[in-house]
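K.L.:
Following is a predicted model, sequence given first.
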Amino acid sequence: MAECKQHAPVGLARLALLLASVAPFASAQTPDSTLFESKIRPVLVTKCYGCHSTRLKAPMGGLVLDTKAGLLKGGQLGPALVPGKPAESNLLKALRYTDPHLQMPPTGKLPDSVISDFEQWIAKGAPDPRKEAPAAATGGSAPLRGMPVEEGRKWWAFQPVTEKPLPSGAKESGNRIDAFVRAKLQQKDLAPASQADPATLVRRAYVDLVGYKPSFEEVDAYVSDSSPNAWEKLVDRLLASPHYGERWARHWMDVARFAEDNPTSEATNPAYPFAWRYRDWIIEAINKDVPYDRFVKLQLAADLMPGTPRDDMRALGTLAQPRSITRISVSRLT
């Protein structure tokens, strides 16, 4: 992010803080731990911690992999690895998928290059620079502590929408949001960007609202429209387009981690042929301007809400996960 000259000291201070924060980590790196930090730990975090972590009340198989002690202790099958002896390490056996009863991760075998990294790491003695258990873990059984409920209720996102007064000295003209933007620019001693020309403006509107660029004819039609409400007409037309729902439904489905199949493991996560029902419901709901509170409630409890049309039962795809509807993986909020 660009910093104006007046803020150079602040930028330097931030840089100094950043360097200070990473210095201990950098100094702790040794040739022996480089392989672990660059090749091993990232795989453990993304592929293993979901089932084998001290953050879980009951880790699968009693095995935790987010601590050095847990990795050496192992679980119900004994030690996960024997430093210096890849052939005797259950961790490597599970990664290789040679035992039909011991295959990890269950979502699919990792690439051979990754398995080779683990073999090399174990052969070198499995150097692991981790010294302590994660700060949030307390024996693997206590629940994680978060923000107190009363304090959480004061969070800005849960406050009622209110109209704020204009910044001091601002005049009521045009979009009220512009007054706040101008005030912040003045505070930072910055000048606003120049106004976009009509051709640029129409392209931005199309990309933002429907996800694709307009044709030459569409740009020309807007540029040639001299009516005072040309912009409002353009925006209303794009909001009424079915492509608007398709464009913005994608964002919601990304949050819900919508997917129709899992190509990494057909055996444990088969494709669900009717996943499109939930997808289409999201698109239709956005195009119908379904109020946000109802939009969320339908996805949580459509079958418990009196008078809910049968067509809206598709909304349950996000949590119900029946084979006849869809396969949705809902991420944890941490």
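P.N.:
Good, I have the coordinates.
K.L.:
Listing request: residues of the stretch 101-250 of the chain with sub-threshold pLDDT.
P.N.:
Within the stretch 101-250 of the chain, the segments meeting pLDDT under 70 span 132-146.
K.L.:
Helices along the stretch 201-334 of the chain, start to end?
P.N.:
Secondary structure of the stretch 201-334 of the chain by DSSP state H, counting those that start in this stretch: the helices cover 216-224, 230-239, 242-255, 276-287, 292-301.
K.L.:
nearest to P42, of those?
P.N.:
With C-beta to C-beta as the measure, helix 242-255 is the member of these nearest P42 (22.0 Å). C-betas here are computed from N, CA, C, even on glycine.
K.L.:
hey, C-alpha coordinates of that closest one in CSV?
P.N.:
The C-alpha atoms that make up helix 242-255 are tabulated as CSV, following Å, rounded to 0.1, in the frame of the first residue of the first chain:
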residue,chain,number,x,y,z
PRO,A,242,-30.5,-12.9,-13.9
HIS,A,243,-26.7,-12.7,-14.2
TYR,A,244,-26.6,-10.5,-11.1
GLY,A,245,-27.8,-13.5,-8.9
GLU,A,246,-25.3,-15.8,-10.6
ARG,A,247,-22.4,-13.4,-9.9
TRP,A,248,-23.2,-12.7,-6.3
ALA,A,249,-24.3,-16.2,-5.4
ARG,A,250,-20.8,-17.3,-6.1
HIS,A,251,-19.6,-15.3,-3.1
TRP,A,252,-22.1,-17.0,-0.8
MET,A,253,-21.3,-20.5,-2.1
ASP,A,254,-17.6,-19.9,-1.5
VAL,A,255,-18.3,-19.0,2.1
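K.L.:
Correct me if wrong: L239 contacts Y206.
P.N.:
No: taking contacts as C-beta atoms under 8 Å, L239 lies outside contact range of Y206: 11.9 Å.
K.L.:
More neighbours: these two, which one.
P.N.:
Each of L239 and Y206 has its neighbours counted (other C-beta atoms under 10 Å); Y206 has more, 22 against 13.
K.L.:
quick one: which of the helices of the stretch 201-334 of the chain is nearest V43?
P.N.:
helix 242-255 (23.5 Å).
K.L.:
Show me which residues of the closest one are buried.
P.N.:
Neighbour-count burial for helix 242-255 flags 244-249, 252-253 (criterion: 16 or more other C-beta atoms under 10 Å).
K.L.:
Same check on stretch 83-100?
P.N.:
Residues of stretch 83-100 classed as buried by neighbour count (16+ other C-beta under 10 Å): 83, 86, 89-96.
K.L.:
Single out the most deeply packed of the helices of the stretch 201-334 of the chain.
P.N.:
Among these, ranked by average contacts under mean count of other C-beta atoms under 10 Å, first place goes to helix 276-287 (a mean of 20).
K.L.:
Report the residue ranges of every domain in this protein.
P.N.:
The chain breaks down into these domains under automatic domain parsing: 26-123, 245-328.
K.L.:
By mean pLDDT, show me the worst of the ones you listed.
P.N.:
For the domains of the chain, mean pLDDT drops lowest on domain 245-328, to a mean of 82.
K.L.:
Compile the helices of the stretch 201-334 of the chain into JSON lines and extend it with columns for distance to G70.
P.N.:
JSON lines is the format used below for the helices of the stretch 201-334 of the chain (distance: least, C-beta to C-beta, whole Å):
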{"stretch": "helix 216-224", "distance to G70": "59"}
{"stretch": "helix 230-239", "distance to G70": "53"}
{"stretch": "helix 242-255", "distance to G70": "31"}
{"stretch": "helix 276-287", "distance to G70": "38"}
{"stretch": "helix 292-301", "distance to G70": "35"}
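K.L.:
ok, A191 touching R182?
P.N.:
No: between A191 and R182 there is no contact under C-beta under 8 Å: 10.2 Å.
K.L.:
neighbour count winner among those two?
P.N.:
A count of neighbours by other C-beta under 10 Å puts R182 above the other of A191 and R182, at 16 against 8.
K.L.:
Correct me if wrong: that one contacts A170.
P.N.:
Yes: under the criterion of C-beta under 8 Å, R182 makes contact with A170 at 7.0 Å.
K.L.:
still on that earlier bit, could you tell me which of the buried residues of stretch 83-100 belong to helices?
P.N.:
Using DSSP state H, 90-96 are the members of these that sit in helices.
K.L.:
hey, where'd the strands end up in the protein?
P.N.:
Counting by DSSP state E, the chain has strands at residues 258-259, 327-328.
K.L.:
Counting by contacts, list what the first one packs against.
P.N.:
Read that as strand 258-259. Helices and strands touching strand 258-259, by 3 or more C-beta pairs under 8 Å, 6 or more residues apart in numbering; DSSP states H and E, are strand 327-328.
K.L.:
Apply 10 Å and report the result again.
P.N.:
Strand 258-259 is packed against helix 242-255, helix 276-287, strand 327-328, with contacts defined by 3 or more C-beta pairs under 10 Å, 6 or more residues apart in numbering; DSSP states H and E.
K.L.:
Good, we can wrap up now.
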